[in-house]
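Participant: my questions concern the predicted model and sequence given below.
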Amino acid sequence: MFNKKKNVFQKLKEGLSKTRNQLKTRIDGLIASKKKIDDQLLEELEEIMIVSDMGVQVTCGLIEKMKNKVKKGEVDQPEILKQYLRDEIYNILDNNDKNLEVSARSPFVIMVIGVNGVGKTTTIGKMAGRFTSGGKSVLLAAADTFRTAAVEQLQIWGNRAGAEVISHPGGSDPAAVVFDALKAAQSRGTDVLIIDTAGRIHTKTNLMEELKKIKRIVAKEIVDAPHEILLTLDATTGQNSISQVKLFDEALGITGIAVTKLDGTSKGGVLVAISGEMNIPFRYIGIGEKIEDLRDFNAGEFIDAIL
Ligand SMILES: Nc1nc2c(ncn2[C@@H]2O[C@H](COP(=O)(O)OP(=O)(O)OP(=O)(O)O)[C@@H](O)[C@H]2O)c(=O)[nH]1
Ligand SMILES: [Mg+2]
């Protein structure tokens, strides 16, 4: 058991190694090279935090706090300063550490949204795999009718995960697909229904309006649904994801966030930037393209892996 746990953490560490190299390796080097805390140390820390995408707001706030601690004499050694910084970052992340619990409703309806290419369909496939292996029945709604290959891609994931896909022939109305999927989930007693949506649509219609319409249809069929509106973010886009969070939250009200592609970027600090500004739980993180590469977000493990 211990070995298995260690192995799982090891893989997380590997997945986050680019961020770790940017953050931990540089901070450790900096701390080791200093005998005492001075302005230069704080300036370099600031630069490392900015480069790892923790964002200006969070970084400046933390630097200010560190300066105060030093001034008051509460922190007087570089090593203790690092520990203080680590604890502060952990607290920021822990604020949004709340995993998705799907057992409370049946069907539990999850609407997955986000701009094109961020990893929505892949994340849905991985989530479906996790739910089915946990003994739950899962239906997937192919409401991305913009891209013709989108249904096929979802179908492949559905087969892999053991989840049926509800779809209509190409170019159809996403709302109609969602309506059918809701009916099917209700009549079959499905545990979890996950709705895949488009990240981009024909310029004539507005994506947010399309998504609002889907949300309305879901709520009309099941009063308290969608139970989760999961925004998917691509970690490689860094700071830009903060504006995505704000835009989608204003339009639809996000209840959770999945951050993908953390394996491909040193910008993992963006979770800290988002968490410092928004109160929306991180549900999942993606550290690769395979089913097992989707993890529940855990603030403690995350900070251990990057700092
Ligand atoms: N390395 C890596 N690749 C990922 C991860 N998640 C998704 N991808 C890849 O990102 C690409 C886009 O993923 P999709 O799931 O198609 O993204 P989408 O948001 O559904 O895209 P649209 O439907 O076009 O809006 C694919 O090649 C995925 O394999 C991840 O955690 N790590
Ligand atoms: Mg997709």
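Facilitator: Looks like it arrived, so ask away. Owing to the predicted nature of the structure, the values given are computational and were not obtained by experimental measurement. Ligands and ions are numbered 1, 2, ... in the order given.
Participant: spell out which residues of this protein are next to ligand 1.
Facilitator: Taking CB under 6 Å from any ligand atom as the contact definition, the chain meets ligand 1 at 114, 116-122, 144, 147, 150, 199, 260-261, 263-264, 286-289, 293. Where C-beta positions appear, they are placed from N, C-alpha and C, glycine not excepted.
Participant: the strands in the stretch 151-300 of the chain, which residues?
Facilitator: 164-166, 192-197, 228-234, 256-260, 282-286, 294-296 (DSSP state E, counting those that start in this stretch).
Participant: for the last one, the averaged confidence score.
Facilitator: Going back to what we said before, that points to strand 294-296. In this model, strand 294-296 carries a mean pLDDT of 97.
Participant: then the longest one?
Facilitator: If you average the pLDDT over strand 228-234, you get 98.
Participant: now tell me what touches it from outside.
Facilitator: For strand 228-234, contacts defined as CB atoms under 8 Å, 6 or more residues apart in numbering pick out 100, 102, 108-114, 117-120, 123, 215, 241, 244-245, 248-249, 252-261, 270, 274, 280, 283.
Participant: show me the residues you listed that map onto helices.
Facilitator: Counting by DSSP state H, the contacts of strand 228-234 place 120, 123, 215, 241, 244-245, 248-249, 252, 270, 274 in helices.
Participant: pull out the buried residues from the helix or strand of the chain with the lowest mean pLDDT.
Facilitator: Within the chain, no helix or strand scores below helix 2-15, which has a mean of 85 by mean pLDDT, DSSP states H and E. Of all the residues in helix 2-15, those buried under the rule 16 or more other CB atoms under 10 Å are 11-12, 15.
Participant: what's the closest of those to residue 302?
Facilitator: Nearest to residue 302 among the buried residues of helix 2-15, counting by CB to CB, is residue 12 at 8.0 Å.
Participant: the nearest residue to the closest one once chain neighbours are set aside - how many residues pack around it?
Facilitator: Counting by CB to CB, 6 or more residues apart in numbering, residue 305 is the residue found nearest to residue 12 once chain neighbours are left out, at 5.2 Å. Applying other CB atoms under 10 Å, we find 25 residues neighbouring residue 305.
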